[in-house]
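K.L.:
please find the sequence and the predicted model below.
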Amino acid sequence: ETNLKVRHALSVTSELGAEISRLARFDGIVVCEAPNNKLDRFTGVLSWKDSKHSLNNEKIILRGCVLRNTSWCFGMVIFAGPDTKLMQNSGKTKFKRTSIDRLMNTLVLWIFGFLVCLGIILGIGNSIWERQVGGQFRTFLFWNEGEKNSVFSGFLTFWSYIIILNTVVPISLYVSVEVIRLGHSYFINWDRKMYYSGKATPAEARTTTLNEELGQIEYIFSDKTGTLTQNIMTFKRCSINGRIYGEVHDDLGQRAEILTKKEPVNFSVKSQADKTFQFFDHSLMESIKLGDPKVHEFLRLLALCHTVMSEENSAGELIYQVQSPDEGALVTAARNFGFIFKSRTPETITIEELGTLVTYQLLAFLDFNNVRKRMSVIVRNPEGQIKLYSKGADTILFEKLHPSSEDLLSLTSDHLSEFAGEGLRTLAIAYRDLDDKYFKEWYKMLEDANTATDERDERIAGLYEEIERDLMLLGATAVEDKLQEGVIETITSLSLANIKIWVLTGDKQETAINIGYACNMLTDDMNDVFVIAGNTAVEVREELRKAKENLFEQNRNFSNGHVVCEKNQQLELDSVVKETVTGDYALIINGHSLAHALESDVKNDLLEVACMCKTVVCCRVTPLQKAQVVELVKNHRNAVTLAIGDGANDVSMIKSAHIGVGISGQEGLQAVLASDYSFAQFRYLQRLLLVHGRWSYFRMCKFLCYFFYKNFAFTLVHFWFGFFCGFSAQTVYDQWFITLFNIVYTSLPVLAMGIFDQDVSDQNSMDYPQLYEPGQLNLLFNKRKFFICVLHGIYTSLALFFIPYGAFYSAAGEDGQHIADYQSFAVTMATSLVIVVSVQVALDTSYWTVINHVFIWGSIATYFSILFTMHSNGIFSIFPNQFPFVGNARHSLTQKCIWLVILLTTVASVMPVVAFRFLKVDLYPALSDQIRQWQKAQKKARPPSSRRPRSRRSSSRRSGYAFAHQEGYGELITSGKNMRAKNPPLTSGLEKTLYNSTSWIENLCKKTTDTVSSFNQDKTVKL
C-alpha cells in the first residue's frame, strides 16, 4: 500500500538521534505482545531510566514500509524474520492440482482394476480350456500325460494378458495432457487482446497445469484498490453557491456527455499547474476571473483545509505528498484554478492566490476521525480576520449549518444526489467567520482539555462540536475514484456467467461501499443491505441470525420447513436455500467482526448468509483474513475459487485460492510473483475466463473422452479374440502395429483437436456468458461421461472384431484361395481400426485448421506407407525374424471384398454416433449448438457488434462520502515534527510523487445467484 501514515518516536527517545554516543548508551527494555498478525494493533511498554512509557501502533514501523518526509531514523528491532507482522500474514505455498487431474488419477486406477479383472477372466478361461480341450493336443505335440498343469497355465496366461492388454491403461495420456496445457498457456501469452500497451505488459500464464480450471470458476475474490480502481482520484465536478461546475452544455443548452472533441480548460499558461489535470467546463475559470467572492472562498478553502505536505523536486516543480488520494485531488484542483498551496510550517500555511503570495496563520487544526467525518482549520488571514474552514460528509456537515443557508442547502442536496448518482465521491464545504474574543476563550478551554487527565478525548470532541456550528455553506465537491477501464462491463458479464464476485478490501467501509455502487455491485434496487459490525462473537452471531431471518422473511411461502437449518445439513440444504431466496441482497462485514465470524461456531452462519447474497463486501480485512475467507468458501462450498489482487497484501489470498491472478499495477510485483496468471488490467479477467478458460476446459474434456474411447476400442479386440484362440495370449495385430498405434498413428490428430478446437468463436464466448455454465457444473467430463466413452469403445471393439470374423468365416478370395488366414484377418482389422478412429476424431473436431487436416489424413497415409514397407520383401530379407507378415498387405488389400469389409466395419462403428449427435442437436440443442448454427448463418454478412450504452445509475446519497483519512495528522502538523530541515540531505527515493496512494488492501465482491434465464430466452429468440 502506498499511502502516508503517521509514525512518531516517543518524546523521551526522539532526541537521541542527534548524538550517536547517547544512542549507543541506550539501555531500555521493551516488554510487548507476542508475535501476531494484527497489522493495526500493537501494545508494549518501554522501561528506561526508572520510568515506563507505553508503546502503540503509532510508535512502530512495520517491515516493508518506506520512509517519507524524513531521510533517516534509528530504530530498535522488536520482531525479525518469521515473527514480523508481514510474515505472520503470509500464506504457505501449496501445490495446486485441477479437479480433472484428480479425476484422471482415479479413473486410471479404475482402469487398472478393470485390466486385472480382464486378466483374471482370461486366465480362468485358459485353465478351463486346457482341462477340457487342451488334452486333445497333447498326443499330437508329443507331451506326456499330466505334464501340463491347467491351473499353472492359467496363472501364466493371466500375466501374459496383463502385458498384452496394458495399452488400456493410458500412460501416454499424462504426456499428451501436459503438451496440450503447454499449448493453451502459449495462447494466453500470445493473446494480443490481453496485451496492455500503456505499460507494454502482455498477459502471462505463469503455470501450465491449471488452464482447464479457468473454465470452472464459481467464486472470484477481488481486491479493490489497484484491482478494480486505478488508484487515481480526479476532481470531476463541484457545486458552488447553488451552481454546478463541470457539466458541459451543447449549443441548445442541453446537458451533453463529455466527448473527446470538447476542448478542456487550458491550464498551460499557469507555470505551477498540474499537467495531468483536465476540466471541461470553462465557466468556472470565467467566474474566477470575474472575481466571484464565493468561488474564491471555495477554492481558498480547498487550498487551506488539508494535511498535504509540499516539496519541490530538482526541476523546481511542486510535488504534493498526500495521505489520502481524495485530498490530493482537491488540492490539485485548487492549484490549477489559481489557488496554489505552496508550503506550511507548524504555525502558518502559505498559498499563492491568483499570483499573489498570502501567508495565513494556522491557529488550530480540528483533526479528522471516523466519528466526526469532517476536518476543520482555523486560520487568521493577513487582514486579521479569523476564519474556520470545514469539509466533511454532507450528512454531518448539513446539521451544523446556520439557518440562513436553508435555501442553498436544498439546492446543494439535489446536486449531491446527482453526483452520487454518477458514482462520484462527495464532500460538503462550509466556513464560519469567528470573533477574536470568542476564539480566545474557546482556545483557552481547548488547552485546558488537552492537559486534562480524565475524559480528555470527550472534552476535546465537545469543544470541536461547539465551534463547528452556524457554518455558512459554500458548496460541494465531487471526486471520481477512477475505476479501471471496463470494470463495470467485466463484472456484469461475469455475473451473467453465474460467477459470484466477493470484494475483500483493507479500505474503510464508506470507500468500499462507494466503489460497490460505482461498479453496479450495490444498487438502490436491492431488497436489503446487511451490515455486520459487531465487536464480540455473540453480537456477530446475532447480527448474522437476524440477516438470515430477514432473508427468509420475504420467502416464507417457498421455504416452509427449510427455515431452521441444522449445521450438518447445511450443504444438502444449499441448493434448496438458493432456490428459496428471491430478490437481491448484499452483505457488508467489517474486519473486526470477520475475525469473530471466522471462528468455528459462527462460520457456518456467515457462509450461509454470504452465499445467499448477491454481493459480499469485506472491509478492513488483514491479508490473513482474506486467505481465511477464500479457504472457507473453498473447503465448505466445494467450488472452484479465483483470487485476484495487485499488492503484497493479496499474496496470501492468491496462494490460497485454486487459481491466483496477479495484476501488475501501482503496487509492485509481489502479487504477480505469487500468482498463476498475470496481466495488467482487471478487464482482461473476462477474456481469460470466458474465452481461454472455457476453451481449455472444452478441449481438455473432448481430448479425454476421445482418448479413453480410442484405447478401449484398440485393446478390447484382444479380449474377444481370446475366446477363439484357446486363451493362448496370441495378439490379434502385428506386433509392430501395437507398438506404433498410440505413438504414430493416433497421437497427432487428438493433440491437434486438444490444442486448436473451439465450439464457438472468441467474440461469441464473450457475448454469451451463459456458455460458461457447463464448466461450473462439470458437465463435459465426469464419471458418467467416462463410462459412456468406455461403452462406446467396447461397442467399437465388438464391431471391429466380429464383422471381419463373420465375413471371413467361410469366405474365399477372388482367386479361389481362402482369405481367412490369421495374417489377413489382422491386417483387415488394423486397417479398419485406424480408419474408424480417424473418422471419429474428424467427427469430434468442431474447428478445422490446416494442421487438423494434415494430422488426420496424414496419419492414415502414414499408416498405409508403414504397412506396405513392413510387409515388403526387402525388409523381410534383412530382418526375417522381426517382420513375419511378408507380402500380406499386397495380397489382402488388393481384394475388393476386404475393402467392403473395412467399409462395413467403419459404417457400423460410426453410424450410431452420427445418428445420436444429429438427433441431439436437432431435438435438444445446447446453447453452444444454437450459437454455432447462428455463427454459420452470420458468416457471410456480419453486422458490426453494437456497443453497450454507458450505464448511469441513480443512487441515494448515503454512500457518496469520500475521505480515506486517518486520525493523527492534525496533531502531527501542528507539532511540526514532520517538517523538513531547511537544507535536507539529498535522498534518492523521496522525490517520487505519491499520487497513486490509496488505503490498504481493497477488493470488490459480489455474489450472483440468479441464473440469467431471461437473457437466455432473449438470445434464443435472436438465434
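P.N.:
Looks like it came in fine. Residues are numbered from 1 along each chain as shown.

K.L.:
from here on, contacts and neighbour counts on C-alpha atoms
P.N.:
Noted.

K.L.:
ok, and the closest non-adjacent residue to Y186?
P.N.:
A205 (7.6 Å; CA to CA, 6 or more residues apart in numbering).

K.L.:
what does the domain assignment say about this protein?
P.N.:
Domain assignment for the chain, taken from the TED database, gives 11-90, 230-249+265-483.

K.L.:
could you give the mean pLDDT of the last one?
P.N.:
When pLDDT is averaged over domain 230-249+265-483, the result is 85.

K.L.:
cool, stretch 136-148 as well?
P.N.:
Averaging pLDDT along stretch 136-148 gives 63.

K.L.:
buried residues in the longest helix anywhere in the chain?
P.N.:
In the chain, taking DSSP state H as the definition, the longest helix is helix 99-129. By neighbour count on 16 or more other CA atoms under 10 Å, the buried set for helix 99-129 is 100-101, 104, 107-108, 111-112, 115-116, 118-129.

K.L.:
could you do stretch 205-218 as well?
P.N.:
Those would be 205-206, 208-218, for stretch 205-218 by 16+ other CA under 10 Å.

K.L.:
and which of these is nearest to M612?
P.N.:
Among these, E218 lies closest to M612 (CA to CA), at 13.9 Å.

K.L.:
which residue is the nearest non-sequential neighbour of the closest one?
P.N.:
I499 (4.8 Å).

K.L.:
is it true that L424 touches E480?
P.N.:
Yes. Between L424 and E480 a contact is recorded at 4.9 Å, counting by CA atoms under 8 Å.

K.L.:
quick one, which of the two is more surrounded?
P.N.:
Ranked by neighbour count (other CA atoms under 10 Å), L424 and E480 place L424 first, with 28 against 21.

K.L.:
how much space is there between the more buried one and P912?
P.N.:
61 Å (CA to CA, to the nearest Å).

K.L.:
likewise for E468?
P.N.:
Look at E468 and P912: by CA to CA, they are 84 Å apart.

K.L.:
comparing these two, which residue is more hemmed in?
P.N.:
The residue with more neighbours, out of E468 and P912, is E468; 20 against 12, by other CA under 10 Å.

K.L.:
out of the buried residues of stretch 205-218, what pair is the most spread apart?
P.N.:
R206 and E218 (21.4 Å).

K.L.:
other SSEs contacting the longest helix of the chain?
P.N.:
Packing contacts for helix 99-129, counted by 3 or more CA pairs under 8 Å, 6 or more residues apart in numbering; DSSP states H and E, involve helix 150-164, helix 694-722.

K.L.:
hmm, try it at 10 Å
P.N.:
Helix 99-129 sits against helix 150-164, helix 171-190, helix 694-722, helix 783-808, with contacts defined as 3 or more CA pairs under 10 Å, 6 or more residues apart in numbering; DSSP states H and E.

K.L.:
of the ones you listed, which is nearest T451?
P.N.:
The closest of these to T451 is helix 171-190. By CA to CA, the value is 63.3 Å.

K.L.:
what's the angle from that closest one to helix 99-129?
P.N.:
160 degrees (axes from the mean of the first three to the mean of the last three CA atoms, to 10 degrees).

K.L.:
so which of the helices and strands packed on helix 99-129 has the densest surroundings on average?
P.N.:
With neighbours defined as mean count of other CA atoms under 10 Å, these peak in mean count at helix 694-722, which reaches a mean of 24.

K.L.:
and that helix, how far out from the chain's middle?
P.N.:
Its chain's C-alpha centre and that of helix 694-722 lie 34 Å apart, by CA atoms, centre = their mean, to the nearest Å.

K.L.:
show me what the next helix or strand along the chain from it is in contact with.
P.N.:
Using DSSP states H and E, the helix or strand that follows helix 694-722 in sequence is helix 735-740. If you take CA atoms under 10 Å, 6 or more residues apart in numbering as the criterion, helix 735-740 is touched by 164, 167, 714-715, 731-732, 744-747, 826-827, 830, 863, 866-867, 870, 882-884.

K.L.:
what about helix 735-740, average pLDDT?
P.N.:
The predicted model assigns helix 735-740 a mean pLDDT of 92.

K.L.:
okay, buried residues for it please.
P.N.:
Residues of helix 735-740 classed as buried: F737, I738 (neighbour count, 16+ other CA under 10 Å).

K.L.:
between the helix or strand following it and helix 694-722, how big is the angle?
P.N.:
As assigned by DSSP H and E, the chain's next helix or strand after helix 735-740 is helix 747-756. Here the directions of helix 747-756 and helix 694-722 differ by 150 degrees (the same axes, to 10 degrees).

K.L.:
in the stretch 851-1000 of the chain, which spans are helices?
P.N.:
873-878, 888-892, 896-923, 927-938, 969-975 (DSSP state H, counting those that start in this stretch).

K.L.:
looking at those, spot the one closest to F719.
P.N.:
helix 896-923 (17.9 Å).

K.L.:
mean confidence score for that closest one?
P.N.:
Looking at helix 896-923 alone, the average pLDDT works out to 95.

K.L.:
which other helices and strands does it contact?
P.N.:
Helices and strands touching helix 896-923, by 3+ CA pairs under 10 Å, 6+ apart, are helix 783-808, helix 822-844, helix 927-938.

K.L.:
could you dump the helices of the stretch 851-1000 of the chain into TSV with distance to A512 added?
P.N.:
Output for the helices of the stretch 851-1000 of the chain, formatted as TSV (distance: least, CA to CA, whole Å):
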stretch	distance to A512
helix 873-878	77
helix 888-892	75
helix 896-923	46
helix 927-938	37
helix 969-975	22
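
K.L.:
what's the closest of these to F187?
P.N.:
Closest approach to F187 among these is made by helix 927-938 (21.7 Å; CA to CA).

K.L.:
elements contacting that closest one?
P.N.:
Identification of packing neighbours for helix 927-938 by 3+ CA pairs under 10 Å, 6+ apart yields helix 762-767, helix 896-923, helix 1013-1022.

K.L.:
how about stretch 756-773: buried residues?
P.N.:
756-760, 764-766, 768-773.

K.L.:
first vs last residue of stretch 652-664, how far apart are they?
P.N.:
By CA to CA, the extent of stretch 652-664 from end to end equals 17 Å.

K.L.:
just how off-centre is that stretch within its chain?
P.N.:
Its chain's average C-alpha position is 8 Å from that of stretch 652-664, according to CA atoms, centre = their mean.

K.L.:
got any residues that touch both of L424 and E480?
P.N.:
The contact lists of L424 and E480 share T234, F235, K236, R237, A518, A962, where a contact means CA under 10 Å, 6+ apart.

K.L.:
so the first one sits in a helix?
P.N.:
No. T234: not assigned to a helix; according to DSSP: H, G, I helix; E, B strand; the rest coil it is strand.

K.L.:
partner residues bridging it?
P.N.:
E480 (DSSP bridges).

K.L.:
what sits against the one residue sitting closest to the centre of the chain?
P.N.:
Nearest to the geometric centre of the chain sits I644, at 3.7 Å (CA atoms, centre = their mean). When contacts are counted by CA under 10 Å, 6+ apart, I644 touches 220-224, 227-228, 503, 650-651, 653-654, 657, 659-663, 671-672, 675, 677-678, 682, 685, 1003.

K.L.:
do the same with I60
P.N.:
For I60, the contact set (CA under 10 Å, 6+ apart) comprises R7, H8, A9, R41, F42, T43, G75, M76, V77, I78.

K.L.:
would you confirm that the fourth one contacts N56?
P.N.:
Yes. Counting by CA atoms under 10 Å, R41 touches N56, with 7.1 Å between them.

K.L.:
circling back to that earlier point, ranking the helices of the stretch 851-1000 of the chain by burial, who's on top?
P.N.:
Comparing the helices of the stretch 851-1000 of the chain by mean neighbour count (mean count of other CA under 10 Å), helix 969-975 ranks first with a mean of 18.

K.L.:
and that helix, what does it pack onto?
P.N.:
In terms of contacts (3+ CA pairs under 10 Å, 6+ apart), helix 969-975 is packed against strand 356-366, strand 374-380.

K.L.:
noted, bye for now.
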